[in-house]
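In: Mind looking at a prediction? Sequence and model below.
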Amino acid sequence: QQPVQSPQAVILREGEDAVINCSSSKALYSVHWYRQKHGEAPVFLMILLKGGEQKGHDKISASFNEKKQQSSLYLTASQLSYSGTYFCGTDPSGTYKYIFGTGTRLKVLA
Amino acid sequence: EAQVTQNPRYLITVTGKKLTVTCSQNMNHEYMSWYRQDPGLGLRQIYYSMNVEVTDKGDVPEGYKVSRKEKRNFPLILESPSPNQTSLYFCASSPRTSRETQYFGPGTRLLVL
């Protein structure tokens, strides 16, 4: 079942913060976060494997809750380059399949 | 340079005319996958391959075929394309499993008339 992301879309001014959520009805084995700019391929941001894990680099970080049913991506002091569509993704039940979340469109304005 | 390449990048064809989209990676990755991306539906997995001669269906395999005869190549075959296969297609690879970072090709935009 496809993870549900919220919000579907968000508009920010440069320097503002944003949180994107990824929720599943079942525990996830792992969560990946990707960013895709219009017309381009998705680009990997980070992966979380353990419940309670938090990870980040620069001003983008993510968390995975203890039950492994929700992950959040945190964008702080947003920059114009952060604009794009963000996807979470997972391998359901530890299989070799892969499912992306519903996506969140983020637009950062000057 | 480590990369995933796809060809062609753009293709316009007619219903029923067989076509192949090639995908190649130079990273010695075992796992390869095909996705299609449609407005409002996001990215959906078509087929994946865990290694040479090992492939399996993703969520939307109908109308597609794949083969994995060499580790580096994973072509996507549309035997009889239909307009509902008009989409943006991405190939991706990762070292061993879908749990690891996937590296995406640049995409192939297909229009079936």
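Out: Yep, it's here.
In: Spatially, which residue comes closest to residue 3, not counting chain neighbours?
Out: Just going to use chain A. Using Cβ to Cβ, 6 or more residues apart in numbering or on different chains and skipping the chain neighbours, the partner closest in space to A:Pro3 is A:Gly101 (4.0 Å). Any C-beta I mention is one placed from the backbone N, CA and C, and that applies to glycine too.
In: please go with chain B instead
Out: B:Asn26 is the one closest to B:Gln3 (Cβ to Cβ, 6+ apart), at 6.4 Å.
In: Give me the pLDDT for that neighbour.
Out: Looking at B:Asn26, its pLDDT stands at 96.
In: Contacts only, for it.
Out: Residues counted as contacts of B:Asn26 (Cβ atoms under 8 Å, 6 or more residues apart in numbering or on different chains) are B:2-3, B:72.
In: Can you add secondary structure and give these back as a markdown table?
Out: Listed next are the contacts of B:Asn26 as a markdown table, based on DSSP: H, G, I helix; E, B strand; the rest coil:
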| residue | secondary structure |
| --- | --- |
| B:Ala2 | coil |
| B:Gln3 | coil |
| B:Arg72 | coil |
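In: I'd like to know how many residues surround residue 99.
Out: Using chain A here. 22 (other Cβ atoms under 10 Å in any protein chain shown).
In: that answer is for a different chain, and I need it for chain B
Out: By other Cβ under 10 Å, 20 other residues sit near B:Arg99.
In: Would you confirm that it contacts A:Asp91?
Out: Yes. Assessed by Cβ atoms under 8 Å, B:Arg99 is found in contact with A:Asp91 at 5.0 Å.
In: who does the lowest-mean-pLDDT helix or strand in chain A touch, helix- and strand-wise?
Out: Least confident helix or strand, chain A: strand A:54-57 with a mean of 84, by mean pLDDT, DSSP states H and E. In terms of contacts (3 or more Cβ pairs under 8 Å, 6 or more residues apart in numbering or on different chains; DSSP states H and E), strand A:54-57 is packed against strand A:43-48, strand A:60-64.
In: Would you mind finding the most buried of those strands?
Out: Mean neighbours per residue, mean count of other Cβ atoms under 10 Å in any protein chain shown, is largest over those for strand A:60-64, with a mean of 20.
In: Please enumerate residues in contact with stretch A:73-83?
Out: Contacts of stretch A:73-83 (Cβ under 8 Å, 6+ apart): A:12-22, A:33, A:35, A:37, A:45, A:56, A:59-63, A:86, A:88, A:106-108, A:110.
In: buried residues in that stretch?
Out: Of the residues in stretch A:73-83, A:73, A:75, A:78, A:82-83 count as buried by neighbour count, 16 or more other Cβ atoms under 10 Å in any protein chain shown.
In: same check, this time on stretch B:12-29
Out: For stretch B:12-29, a neighbour-count test (16+ other Cβ under 10 Å) marks B:13, B:19, B:21, B:23-25, B:29 as buried.
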